[in-house]
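Peer 1: build me a structure from this.
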Amino acid sequence: MIICKDATVSFQYSLTDKDGNALDASPIDKPLTYIHGQNAIIPGLERELEGKKIGDVLIVNIKAKDAYGERQEQMVQKIPRSNFQGQEMKVGMRFEAKTSTGSLLVVVKELTDEEVTVDGNHALAGKDLTFDVRIVDVRESAKKEIDDCCTENGCTANKH
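Peer 2: Numbers count the residues shown, from 1 in each chain. Okay, here's the model as predicted:
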C-alpha cells in the first residue's frame, strides 16, 4: 500500500536544522504514527510522504513556511510582571496564555523587575528543516481510528 489520504503511516525519522545540528529523532523502537491527510504532521513533510511505501528511505528539506511557519515578531510580547500576581517566573518556563483568539503556549524569554517577555512562536518557527525518514508501515486506517482522532480542524493525535 502507498501513503495516501487516511492511511495510517509509521515512520522513523531524525530531524536536523540547515547546519546539520540534531533537533529531534524518533526512538528506535517507537516510530511516529499518524493518519495521512489529517494535518497531523507539518505540511511540507506530509506532501513529501504522499505516494511513498514501506521501506522507502528519503531525505527531505522543508522550508520554514512549510514546517512550523516563519517567526512572527508580534508573537513576542512584554507583559507587566504584576499580571502574574507574584507567581515565581523563570526564563524557559512554559505556560498557556489566554488570548482573544483562544489559548496559546508561550515560553518566558526574558525577565526584569517590571516585565516578563514571552514568545508564542513554535521553537522551530523560522527554521528550514531536514528530515531523514524511513517508512516502516503503511496500512488502511479503520473508520474508528479516523473518527477517534480527526475533527474538521485536523487530527488530534501526534500533533507536533
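
Peer 1: any low-confidence regions in this structure?
Peer 2: 149-160 (pLDDT under 70).

Peer 1: tell me the domain ranges of it?
Peer 2: 7-68+127-155, 73-119 (automatic domain parsing).

Peer 1: any chance of those domains in CSV, plus mean neighbour count and distance to M1?
Peer 2: In this view, the C-beta of every residue, glycine as well, is placed from N, C-alpha and C. What follows is these, written out as CSV (neighbours: other C-beta atoms under 10 Å; distance: least, C-beta to C-beta, whole Å):
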stretch, mean neighbour count, distance to M1
domain 7-68+127-155, 16, 5
domain 73-119, 12, 35
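
Peer 1: and for this protein, the residue most distant from the center?
Peer 2: D113 (32.9 Å; C-alpha atoms, centre = their mean).

Peer 1: contact partners for the closest residue to G20 other than its chain neighbours?
Peer 2: In this structure, G20 finds its nearest non-sequential neighbour in T130, 7.9 Å apart by C-beta to C-beta, 6 or more residues apart in numbering. Contacts for T130 (C-beta atoms under 8 Å, 6 or more residues apart in numbering) come out as L15, T16, D17, K18, G20, I59, V60, N61, I62.

Peer 1: mind running it again at 10 Å?
Peer 2: Shown in contact with T130 (C-beta atoms under 10 Å, 6 or more residues apart in numbering): S14, L15, T16, D17, K18, D19, G20, L23, I59, V60, N61, I62.

Peer 1: in its sheet, which strands sit next to the strand or helix carrying it, and in what direction?
Peer 2: Element membership of T130 [criterion: DSSP states H and E] is strand 129-140. Strand 129-140 sits in its sheet next to strand 7-17 (antiparallel), strand 57-62 (antiparallel), going by DSSP bridges.

Peer 1: need those in CSV with distance to G51, can you?
Peer 2: Output for the strands paired with strand 129-140, formatted as CSV (distance: least, C-beta to C-beta, whole Å):
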stretch, distance to G51
strand 7-17, 11
strand 57-62, 11
